[in-house]
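K.L.:
sequence first, predicted model second:
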Amino acid sequence: MITRAIYMDNNATTPVDPVVLEVMLPYFTEKFGNAASRNHAYGWEAEEAVENARAQIAAAVGADPKEIIFTSGATESNNLALKGVAEVYREKGNHIITVVTEHKCILDSAKYLEQHGCRITYLPVKPDGLIDLAELEAAITPETVLISVMFANNEIGVIQPVAEIAKIAKSHGVLFHTDAAQALGKVPIDVQALGIDLMSMSGHKLYGPKGIGALYVRRKNPRVRLEAQLHGGGHERGMRSGTLYVPLIVGMGAAAERAVQNLEVEAARTRKLRERLLEQITGRLSEVYVNGSLEHRLSGNLNLSFAFVEGEALLMGLNDTVALSSGSACTSASLEPSYVLKALGVGDELAHSSLRFGIGRFNTEEDIDRTSAKIVEVVNRLREMSPLWEMHQEGIDLKQMAWPPTDFLLPTAHPERIPGHAVQR
Ligand SMILES: Cc1ncc(COP(=O)(O)O)c(C=O)c1O
Ligand code: FES
């Protein structure tokens, strides 16, 4: 029998919780009605299930059910938020502010809007991954209609100061959108208390199904208007046409409710597992660096760089034991290191040697112990094969050497850039 590797890539996706699946199943078969069918009980039953899920999601984020629109995922929600606002508010202005470390679906929507007459400001981030609020405020002009800053980052888990951003946006009469795909169910979210105007959510990041998401759209103070991007039967208050995928909606509702109910306990548990992992790795390996703030971070996320090790080789050595991601755009087609890490000022070498750990609901202490043991083994093995590591061990300052190979696989200025967060042992 093939033993499956430990799954520790929960920022990429999560399994559907069996409890959630149970709730979904009848809606594929006996309760298969179209939620828009008004003339019979099949339709009413489906509609009731959709409205129940809508209420569950609204309750999870402190919204009114009428403010929740179902979409196919956070990618669609982000597209709808940016393009939908840009089109409606064009008369008022054409400027949008976002951040360089956003998910590609925000950055690519912004790029699309740039090609259609919008001006976009891409804010940089500090070495800890957080934006500078003064810089945000300074970027606002009378033309600014929207600020879009993600709640928590998918690669480094860094949580932005959402309440402060919302306050700045409101004081300038600008709408505030946040991509909460990674944050929902992991950190408490109350759209009222936080002052969020639009918020994107995804089912498959919170132990619900893939292919379903939602967009929160504020209806009061202010009432946000959106131009639909999918036209048709006028579903979802005309903002998103298309027959509702009832089983997935039911699943996302149940998943959101469950995630929020257990939030505190689960966050404390995953934080402890993360601390254990970090301690075990840094206690046994030197030249390991944490990417991004540890303080303002999702409890289950850890992103580490291992100097003198090539990321791909490391992943190859690990993947029979643990399923992780490099957290970067490192595919066979593109060997570019992560744009998120580069935005923090992490050098190419350390960006190339990064691993993203996404500790989730089903990970145990035993998973952590096995993972760290394997990482220590593989990193040591790879370093033993590295002449640069050997020279480093002998105390040779590789940065001072004038021959060509010195510019790769070396730690850079990175550790000094995150004082207190870089672990160098
Ligand atoms: C921060 C963030 N935004 C958006 C998405 C896209 O979500 P979905 O897969 O639901 O389209 C993801 C997931 O990859 C994400 O992590
Ligand atoms: S080897 Fe993984 S980022 Fe390049």
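P.N.:
Now that the structure is in, tell me what you want to look at. Numbering: from 1, shown residues only. Ligands and ions are numbered 1, 2, ... in the order given.
K.L.:
got the contact list for Lys126?
P.N.:
If you count contacts by C-beta atoms under 8 Å, 6 or more residues apart in numbering, Lys126 has them with Asp132, Leu344. Quick note: C-beta positions are derived from backbone N, CA and C, even for glycine.
K.L.:
change it to 7 Å
P.N.:
Residues near Lys126 by C-beta atoms under 7 Å, 6 or more residues apart in numbering: Asp132.
K.L.:
now do Ser372 against Glu310, distance only.
P.N.:
When distances are taken as C-beta to C-beta, to the nearest Å, Ser372 and Glu310 turn out to be 20 Å apart.
K.L.:
more neighbours: which of the two?
P.N.:
Taking Ser372 and Glu310 together and counting by other C-beta atoms under 10 Å, Ser372 has the greater number of neighbours (22 against 16).
K.L.:
and Val50, that one's in a helix?
P.N.:
Yes. With the criterion set as DSSP: H, G, I helix; E, B strand; the rest coil, the secondary structure at Val50 is a helix.
K.L.:
quick check: it touching Val246?
P.N.:
Yes. Assessed by C-beta atoms under 7 Å, Val50 is found in contact with Val246 at 6.1 Å.
K.L.:
between the two, which contacts overlap?
P.N.:
By the contact definition C-beta under 7 Å, 6+ apart, Val50 and Val246 are jointly contacted by Ala35.
K.L.:
ok, for Asn380, nearest residue in space, not its chain neighbours?
P.N.:
In this structure, Asn380 finds its nearest non-sequential neighbour in Leu285, 7.4 Å apart by C-beta to C-beta, 6 or more residues apart in numbering.
K.L.:
phi and psi next, for that neighbour.
P.N.:
Dihedral angles of Leu285 (phi, psi; degrees, to the nearest 10) stand at phi -130, psi 140.
K.L.:
Glu377 is in contact with that one, correct?
P.N.:
No. Counting by C-beta under 7 Å, Leu285 sits too far from Glu377 to count as a contact (10.3 Å).
K.L.:
who has more neighbours out of the two?
P.N.:
Per other C-beta under 10 Å, whichever of Leu285 and Glu377 has more neighbours is Leu285, with 20 against 14.
K.L.:
report pLDDT for that one.
P.N.:
pLDDT, Leu285: 98.
K.L.:
so how far is ligand 1 from it?
P.N.:
Separation of Leu285 from ligand 1 (C-beta to the nearest ligand atom, to the nearest Å) stands at 28 Å.
K.L.:
and that residue, how far is that from ligand 2?
P.N.:
Here the distance between Leu285 and ligand 2 works out to 18 Å (C-beta to the nearest ligand atom).
K.L.:
who in the stretch 201-350 of the chain is up against ligand 1?
P.N.:
If contact is defined as C-beta under 6 Å from any ligand atom, the residues of the stretch 201-350 of the chain in contact with ligand 1 are Ser202, Gly213.
K.L.:
count of neighbours near the residue of the stretch 201-350 of the chain found nearest ligand 1?
P.N.:
Among all residues of the stretch 201-350 of the chain, Ser202 sits closest to ligand 1, at 3.3 Å; criterion: C-beta to the nearest ligand atom. Under the neighbour criterion other C-beta under 10 Å, Ser202 is assigned a count of 27.
K.L.:
that one against Gly73, yeah?
P.N.:
Yes. Between Ser202 and Gly73 a contact is recorded at 5.3 Å, counting by C-beta under 7 Å.
K.L.:
can you list residues touching both of the two?
P.N.:
Taking C-beta under 7 Å, 6+ apart as the criterion, Ser202 and Gly73 both touch Gly213.
K.L.:
and for Val376, nearest residue in space, chain neighbours not counted?
P.N.:
Distance criterion C-beta to C-beta, 6+ apart; nearest residue to Val376, sequence neighbours excluded, is Arg284 at 4.7 Å.
K.L.:
quick one: that neighbour from ligand 2, how far?
P.N.:
Counting by C-beta to the nearest ligand atom, the separation of Arg284 from ligand 2 is 23 Å.
K.L.:
could you list the low-pLDDT ranges of the stretch 301-425 of the chain?
P.N.:
Across the stretch 301-425 of the chain, the ranges flagged by pLDDT under 70 are 327-335, 402-425.
K.L.:
so what's the residue count around the one residue in the stretch 51-200 of the chain that gets nearest to ligand 1?
P.N.:
Closest residue of the stretch 51-200 of the chain to ligand 1, C-beta to the nearest ligand atom: Gly73 (2.8 Å). Neighbours of Gly73 under the rule other C-beta under 10 Å: 23.
K.L.:
for it, which non-adjacent residue is closest in space?
P.N.:
In space, and not counting its chain neighbours, Gly73 is closest to Gly213: 3.9 Å by C-beta to C-beta, 6+ apart.
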